[in-house]
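[1] Generate coordinates for the sequence data below:
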Amino acid sequence: MIKYITLIFACFVFTIPNNYPIDGYQNTGIKRLKRLQLTISGELPNPGLPSGAYKSINDIKLNLLSRKKENTENLLIEDAILQKKINTLFPRLDRSYSITILDITNPTNLRYAQQNESRGYQPGSVGKLAVVTGLFHQLAKIYPDSWEKRTDLLKTKFVRAGNWALSDEHTVPIFNTETNKLVKRQVDASDVFSLYEWTDHMLSVSNNGAASVVWREVLLMAAFGDKYPNLTEIEADTYFKNTPKSIITDLSNDVVNIPLRELGITSDEWRLGTFFTRGANQYVGAKGGSIGTPLGLMKWMLQLEQGKIIDEKSSLEIKRLMFMTDRRIRYAQAPQLKDAAVYFKSGSLYKCDRTKGEPCGKYKGNVDNFMNSVAIIEHPDGTNYMVCLMTNVLRKNSASDHMFLAGSIDKAIKS
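    All right, here's what the predicted structure looks like:
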């Protein structure tokens, strides 16, 4: 989080828990998942998760493989009945709220609705989905013919945080598999985790330091290609020391944005231009700014379900990484979603101007007050749909709005 102690005060917050399936420890080596397995077996205290959080790794599927060959433009066509229902929830003249909704319950008869779908917002931590997309894009380049080698690299390649991860107020869960002790603390420059664990920290607790580390490694994958798996920290440091910052900046921008362009998502619909921590600034600059729109994010979710984010296996693995197996907040906290599987990413940013003499605080910015929710919902009764809700309601914590709207949207879809 960045604070400017001046009359103009800005604070960036990127947070939401959304974790890899509980039984994925053997596949990934993510130690936190071992602890969750022990809680289910009764060896550790029950975590009290909602019933929808217990899907097995083998239960998670892609819903739209049957429509993989179809273009997004041909699938995102407004359904008059659903659109009418959504219009009652969001007055068309209120541009503080923007949303896209796609009902995929019946893959042969998709229903789509939208409001202010092309309006741009600061995406916050939703941008980390672009980082994970870039990660799997580079893995496919290094090992184009072997999925096993890609996941083995994620599991066995350990990297140190360095200054890139500094600093972030959010903690990460560190579980000792020998003592069964869990510690939650901020990331330190000396921390070493596997690529899988860094990615999990980036998505499960939305740690900004982890996001910068993963983005750094994606950059190095692009720079070194098939030499990356054996790349040492000294070689990486030498690269950053001897390569002009402008070249590094251009490459860092390309690795997270080109995969989005290849999906037909334009730069005005979704782009990522700035690392998530100040520690990365000494190595790489900002370029182009960051923006997200409900339409751009919906295009991404639709193609995820089609298996078109890199390939089917990559799409499925990204979806698994988005599966929530922890405390649900904001949109995902809606009681109506308790029994549903929720694949989720959220992000927020608020900015205060203290000279205005009006209330302003955490999640209650009076200049900007962005809150964004990206969700795939799967109910036990087969009702499945996707939502991207982006808001900029000043001087108000919109978490409760997102939660209540989630319930109303769920009712609209089911009715």
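[2] Which element, helix or strand, includes L297?
    Here L297, judged by DSSP states H and E, is contained in helix 294-305.
[3] Do a quick rundown of the strands in the protein.
    For the chain, the strands defined by DSSP state E occupy 8-13, 97-103, 111-115, 158-160, 171-176, 181-186, 192-194, 270-271, 291-292, 341-353, 368-378, 384-392.
[4] Quick one: residues contacting the nearest residue to N46 once chain neighbours are set aside.
    Setting aside the residues directly before and after it, N46 is nearest to T39 in space (Cβ to Cβ, 6 or more residues apart in numbering), at 5.9 Å. To be clear about C-beta, it is placed using only N, CA and C from the backbone, and glycine gets the same treatment. With contact set as Cβ atoms under 8 Å, 6 or more residues apart in numbering, T39 has these partners: P45, N46, P47.
[5] Show me which residues of stretch 21-39 are buried.
    Of all the residues in stretch 21-39, those buried under the rule 16 or more other Cβ atoms under 10 Å are 21-25, 27-36, 38.
[6] Determine which two of those residues are furthest apart.
    Pairwise distances across the buried residues of stretch 21-39 peak at 16.9 Å for N27 and L38 (criterion: Cβ to Cβ).
[7] still on that earlier bit, please tell me the pLDDT value assigned to the residue nearest to N46.
    pLDDT for T39: 88.
[8] One more: S415?
    The per-residue pLDDT reported for S415 equals 85.
[9] if I pick the nearest residue to it once chain neighbours are set aside, what's in contact with it?
    What sits nearest to S415 in space, not counting adjacent residues and going by Cβ to Cβ, 6+ apart, is K85, at 7.6 Å. Applying Cβ under 8 Å, 6+ apart, one finds that K85 lies in contact with A113, A412, S415.
[10] Please report how far the closest residue to K155 other than its chain neighbours lies from A222.
    In space, K155 comes closest to G29 once its chain neighbours are excluded; the distance is 4.6 Å by Cβ to Cβ, 6+ apart. For G29, the distance to A222 under the criterion Cβ to Cβ, to the nearest Å works out to 24 Å.
[11] ditto for P359
    45 Å.
[12] Who has more neighbours out of those two?
    Here P359 and A222 are set side by side on neighbour count (other Cβ atoms under 10 Å), and the busier one is A222, at 19 against 10.
[13] so who does the more buried one touch?
    When contacts are counted by Cβ under 8 Å, 6+ apart, A222 is found next to Q138, K141, L251, D254, V255.
[14] Which residues are in contact with the residue lying closest to it once chain neighbours are set aside?
    Leaving aside its chain neighbours, A222 sits nearest to V255 (4.9 Å; criterion: Cβ to Cβ, 6+ apart). By Cβ under 8 Å, 6+ apart, the residues touching V255 are G134, H137, Q138, W215, V218, L219, M221, A222.
[15] And the pLDDT at V255?
    In this prediction V255 is given a pLDDT of 98.
[16] gap between stretch 201-218 and the chain center?
    Centroid displacement of stretch 201-218 relative to its chain, using Cα atoms, centre = their mean, to the nearest Å, is 10 Å.
[17] Same check on stretch 184-202?
    16 Å.
[18] And stretch 251-261, by the same measure?
    16 Å.
[19] buried set for that stretch?
    Within stretch 251-261, the residues scored as buried using 16+ other Cβ under 10 Å are L251, S252, N253, V255, V256, N257, P259, L260.
[20] again, but for stretch 161-172
    Within stretch 161-172, judged by 16+ other Cβ under 10 Å, the buried ones are A161, G162, N163, W164, A165, L166, S167, D168, H170, V172.
[21] Let's test this: mean pLDDT of stretch 290-300, rounded?
    Across stretch 290-300, the per-residue pLDDT values average to 97.
[22] what do you get for stretch 391-403?
    Confidence over stretch 391-403 (mean pLDDT, whole number) is 82.
[23] could I get stretch 349-364 in PDB with only the CA atoms?
    Extracted as PDB, the C-alpha positions of stretch 349-364 are listed here (Å, rounded to 0.1, in the frame of the first residue of the first chain):
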ATOM      1  CA  LEU A 349      -8.200   1.500  -5.000                       C
ATOM      2  CA  TYR A 350      -9.200   4.700  -3.200                       C
ATOM      3  CA  LYS A 351      -7.900   8.200  -3.200                       C
ATOM      4  CA  CYS A 352      -8.600  11.000  -0.700                       C
ATOM      5  CA  ASP A 353      -8.200  14.700  -1.000                       C
ATOM      6  CA  ARG A 354      -8.100  16.100   2.600                       C
ATOM      7  CA  THR A 355      -8.500  19.700   1.400                       C
ATOM      8  CA  LYS A 356     -12.200  19.100   0.600                       C
ATOM      9  CA  GLY A 357     -13.100  19.000   4.200                       C
ATOM     10  CA  GLU A 358     -15.400  16.000   3.800                       C
ATOM     11  CA  PRO A 359     -15.300  12.500   5.200                       C
ATOM     12  CA  CYS A 360     -12.800  10.200   3.600                       C
ATOM     13  CA  GLY A 361     -11.100   7.000   4.700                       C
ATOM     14  CA  LYS A 362     -10.200   3.400   3.900                       C
ATOM     15  CA  TYR A 363     -12.400   2.200   1.000                       C
ATOM     16  CA  LYS A 364     -14.200   5.600   1.200                       C
END
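[24] what would the contacts of T39 look like in CSV with distance to L349 and pLDDT?
    Formatted as CSV, the entries for the contacts of T39 read as follows, by distance: Cβ to Cβ, whole Å; pLDDT from 0 to 100:
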residue, distance to L349, pLDDT
P45, 35, 89
N46, 35, 81
P47, 29, 79
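[25] Can you check what pLDDT the model gives N18?
    Note on N18: pLDDT of 46.
[26] Ok, the one 4 residues further on next?
    We note a pLDDT of 78 for I22 in this prediction.
[27] I figured it was touching R35, is that so?
    No: I22 is beyond contact range of R35, at 9.6 Å (criterion: Cβ atoms under 8 Å).
[28] returning to what we had before: of the buried residues of stretch 251-261, which is the nearest to W147?
    The closest of these, once distances to W147 are taken by Cβ to Cβ, is P259, at 17.5 Å.
[29] Of the contacts of A222, which is the nearest to S206?
    When those are compared against S206 (criterion: Cβ to Cβ), the nearest one is V255, at 20.2 Å.
[30] can you count the residues close to D188?
    Applying other Cβ under 10 Å, we find 13 other residues in the vicinity of D188.
[31] Spatially, what comes nearest to it if we skip its sequence neighbours?
    Leaving aside its chain neighbours, D188 sits nearest to A161 (6.7 Å; criterion: Cβ to Cβ, 6+ apart).
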